[in-house]
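Chemist: got a structure for you, letters missing:
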């Protein structure tokens, strides 16, 4: 079974530029998550989709971050404009259903973003 | 506010001995707890979980203990192996389906 795919793996941009990350979840997984992991910290949930609807985006900085999952499969996360503090690893995860007992989250390898 | 805390940033253990990783939480609504393991340049991988109706869950060399009154959980690895060297994150959620809140991680080093 193929895992969660993410691209690119690494990205370096200057502040005020825009960037987009792509995620392809495990086939059949209805729930998709985007996390931000700053160095030395645990992952922090940015947004959670169930199929193509948003379940939770309470921690997404909506003035600069946006995410979509138009057909309920692939998803993109965009940052515009980027700030220095956005430097982090952006992790995508998916689960068969809403996370909980029996529905574990599977993570992709992440995209390491460096904002200079 | 950090609702899930892992107070030990690192832990070093000799191969064959027991590794004990600790996690504390503050939100009494949390009822489901998980441990994830992360190798460099990879995403976290699920290790073991426990529901608040239990106080222990075991899977091979890995056992998670939950002390609800102390709002504390721990992961025991026995015996520890060099391949267990990784960063371990505990995570918690309130009600199945709700968002996971992660701790800051503990780096485990198992020495041969």
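Modeler: Noted; the coordinates are in hand. Since this is a predicted model, take the numbers as computed values, not measurements.
Chemist: Before we move on, what's the pLDDT of residue 88?
Modeler: Just so you know, I chose chain A. As predicted, residue A:88 sits at a pLDDT of 97.
Chemist: nope, chain B please
Modeler: Taking residue B:88 on its own, its pLDDT is 98.
Chemist: And it, which helix or strand is it part of?
Modeler: Here residue B:88 sits within strand B:86-93, counting by DSSP states H and E.
Chemist: which helices and strands sit right next to that strand?
Modeler: Under the contact criterion of 3 or more CB pairs under 8 Å, 6 or more residues apart in numbering or on different chains; DSSP states H and E, strand B:86-93 touches strand B:4-5, strand B:19-25, strand B:32-38, strand B:72-77, strand B:101-102, strand B:106-111. (Each C-beta comes from the backbone N, C-alpha and C, glycine too.)
Chemist: Any idea how many residues pack against the nearest residue to residue A:33 once chain neighbours are set aside?
Modeler: Among residues not flanking residue A:33 along the chain, residue A:93 sits closest, at 4.4 Å (CB to CB, 6 or more residues apart in numbering or on different chains). Using other CB atoms under 10 Å in any protein chain shown, residue A:93 has 29 neighbouring residues.
Chemist: Across the sheet, point out what pairs with residue A:93.
Modeler: residue A:33, residue A:107 (DSSP bridges).
Chemist: OK, contacts around it?
Modeler: Contact partners of residue A:93, counting by CB atoms under 8 Å, 6 or more residues apart in numbering or on different chains, are A:4, A:32-33, A:35, A:105-108, B:43.
Chemist: Sounds good, over and out.
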